[in-house]
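**Student:** Generate a structure from the sequence data that follows.
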Amino acid sequence: MVNAQDLYPTRIHDEARILDRVDPVVYSDPATEGPLNYEQLDSFENKGFVHVENFFDEDTVRELSQALERARTENTGSDRPEVIQEPASGDVRSIFAVHQHNPVYRELSRDPRLLRAIFQVLGSDAYIHQSRINFKPGFRGKEFYWHSDFETWHAEDGMPRMRAVSCLIPMTPNDEFNGALMLIPGSHRHYISCVGHTPEDNYKRSLKQQSTGVPDDDSLRWLVDKYGIEAPHTGPGSLLLFDCNVMHGSNSNISPFPRSNVFFVYNSVHNTLQQPFGADAPRPDFLAERRPAGLGADRVPAMSKRVRGASRARA
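**Tutor:** Here you go, the predicted structure:
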């Protein structure tokens, strides 16, 4: 497939560039019914993320936590490519494609209320571009350096436009002690074009420690001076939605308290992958789905009955 015009060039220049976003942030009408109220959609529009408390009830949280511990145990020491280990300790760092291999997380990824929230943001049906569990064990969990997901998905996967949203579901408390996700509110309106060519099979290194496709110090300082940094305290039962282009990262965890999160990345069916814009070959399917099947997000009734464990979001 021949790529369309590249609106977000990256990894081709000798110096970093800060480009303006040309795509919308929220694609649906503000009056679209769903679990996100007007204020929450406004937060997503202006800050690039929204934190919703009490999205899931205690029974759901318990089931998800049990599934997470089983996944960690079953994948410890695994050599499957979907399992990423910490570079020094060998602890499980990430497990990818959990919506395909884990029935509990497969069901969660299709939660009608979750899909309705995704439709409120993307304004279309969607499919799962990527899913994963991120672990950050106590005492030795390493950092995830500052990055825009879209920069990688655009350069290495061929995602053409900014019409994808990440869904973070915390399985443990996330706070200032154990390396909570930090975001730069408003950064999603700017695109940092990074320097350097993408190495062959870059994902094998970047999933452990990313060095290609990260912002330069000057661009990062400009974003932080302009917008600041926020680190929402999240916990089991809550939901954090963030735009594909918001700049984010997290510190290492030297506390005794482990940090674990489940991620689903939903991409619009109108934004399917092309050839990579900044790499010689696409990444494997477990990182970037190239055979998309819509989940029916555009057909979920706005007032549908709750599925197992889902509770009404509170403003």
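**Student:** how about stretch 177-187: buried residues?
**Tutor:** N178, G179, A180, L181, M182, L183, I184, P185, G186, S187 (16 or more other CB atoms under 10 Å). Every C-beta, even on glycine, is put in place using the N, C-alpha and C of the backbone.
**Student:** mind listing which of these are in strands?
**Tutor:** Of the buried residues of stretch 177-187, the ones assigned to strands by DSSP state E are L181, M182, L183.
**Student:** what ranges do the helices span in the stretch 151-300 of the chain?
**Tutor:** 203-206, 217-227 (DSSP state H, counting those that start in this stretch).
**Student:** now swap in the stretch 1-150 of the chain and tell me
**Tutor:** 38-47, 58-75, 98-101, 103-109, 112-122, 149-152.
**Student:** Show me how far the fifth one is from its chain's centre.
**Tutor:** In this case it means helix 112-122. Here the centre of helix 112-122 is set off from its chain's centre by 15 Å, with CA atoms, centre = their mean, to the nearest Å.
**Student:** could you check the angle helix 38-47 makes with that helix?
**Tutor:** Angle, helix 112-122 to helix 38-47, by axes from the mean of the first three to the mean of the last three CA atoms, to 10 degrees: 50 degrees.
**Student:** now do the longest one
**Tutor:** Angle, helix 58-75 to helix 38-47, by the same axes, to 10 degrees: 40 degrees.
**Student:** and helix 58-75, what other elements does it pack with?
**Tutor:** strand 92-96, helix 103-109, strand 126-136, strand 259-268 (3 or more CB pairs under 8 Å, 6 or more residues apart in numbering; DSSP states H and E).
**Student:** if we go to 10 Å?
**Tutor:** Packed against helix 58-75, as judged by 3 or more CB pairs under 10 Å, 6 or more residues apart in numbering; DSSP states H and E, are the following elements: strand 83-85, strand 92-96, helix 98-101, helix 103-109, strand 126-136, strand 164-170, strand 259-268.
**Student:** mind checking which of the ones you listed is nearest P301?
**Tutor:** Closest approach to P301 among those is made by strand 126-136 (16.4 Å; CB to CB).
**Student:** Give the pairing partners of the closest one; include direction for each.
**Tutor:** Neighbouring strands of strand 126-136 in its sheet, by DSSP bridges, are strand 92-96 (antiparallel), strand 259-268 (antiparallel).
**Student:** which residues touch the residue lying closest to I169 once chain neighbours are set aside?
**Tutor:** The shortest distance from I169 to any non-neighbouring residue, by CB to CB, 6 or more residues apart in numbering, is to V262 (4.4 Å). By CB atoms under 10 Å, 6 or more residues apart in numbering, the contact set of V262 is 64, 67-68, 71, 95, 98-99, 102, 104-105, 108-109, 131-134, 167-171.
**Student:** What of Q120?
**Tutor:** By CB under 10 Å, 6+ apart, Q120 lies in contact with 26-30, 32-37, 40-41, 44, 165, 241, 297, 302.
**Student:** buried subset of these?
**Tutor:** Taking 16+ other CB under 10 Å as the criterion, what is buried in the contacts of Q120 is 26-28, 32, 34-37, 40-41, 44, 165, 241, 297.
**Student:** Show me the one of the strands paired with strand 126-136 that comes nearest F150.
**Tutor:** strand 259-268 (10.4 Å).
**Student:** Could I have the CA atoms of that closest one written out in CSV?
**Tutor:** Output of strand 259-268 as CSV, limited to C-alpha atoms (Å, rounded to 0.1, in the frame of the first residue of the first chain):
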residue,chain,number,x,y,z
ARG,A,259,2.5,-0.9,39.9
SER,A,260,0.5,-2.7,37.3
ASN,A,261,-1.8,-1.4,34.5
VAL,A,262,-3.8,-2.9,31.6
PHE,A,263,-3.8,-1.0,28.3
PHE,A,264,-6.1,-1.2,25.3
VAL,A,265,-5.3,1.0,22.3
TYR,A,266,-8.4,1.7,20.2
ASN,A,267,-7.9,3.0,16.7
SER,A,268,-10.6,4.2,14.3
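**Student:** Report the mean per-residue pLDDT for that strand.
**Tutor:** Averaged across strand 259-268, the pLDDT comes to 97.
**Student:** what comes up buried for it?
**Tutor:** Neighbour-count burial for strand 259-268 [16+ other CB under 10 Å]: R259, S260, N261, V262, F263, F264, V265, Y266, N267, S268.
**Student:** shaky segments in this protein?
**Tutor:** For the chain, residues meeting the criterion pLDDT under 70 lie at 1-2, 4, 205-206, 208-209, 303-315.
**Student:** ok, now with 80
**Tutor:** Scanning the chain for pLDDT under 80 picks out 1-4, 31, 86-90, 201-212, 302-315.
**Student:** got JSON lines for the helices of the stretch 1-150 of the chain, with distance to P9 too?
**Tutor:** Listed next are those as JSON lines, based on distance: least, CB to CB, whole Å:
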{"stretch": "helix 38-47", "distance to P9": "25"}
{"stretch": "helix 58-75", "distance to P9": "37"}
{"stretch": "helix 98-101", "distance to P9": "31"}
{"stretch": "helix 103-109", "distance to P9": "32"}
{"stretch": "helix 112-122", "distance to P9": "24"}
{"stretch": "helix 149-152", "distance to P9": "11"}
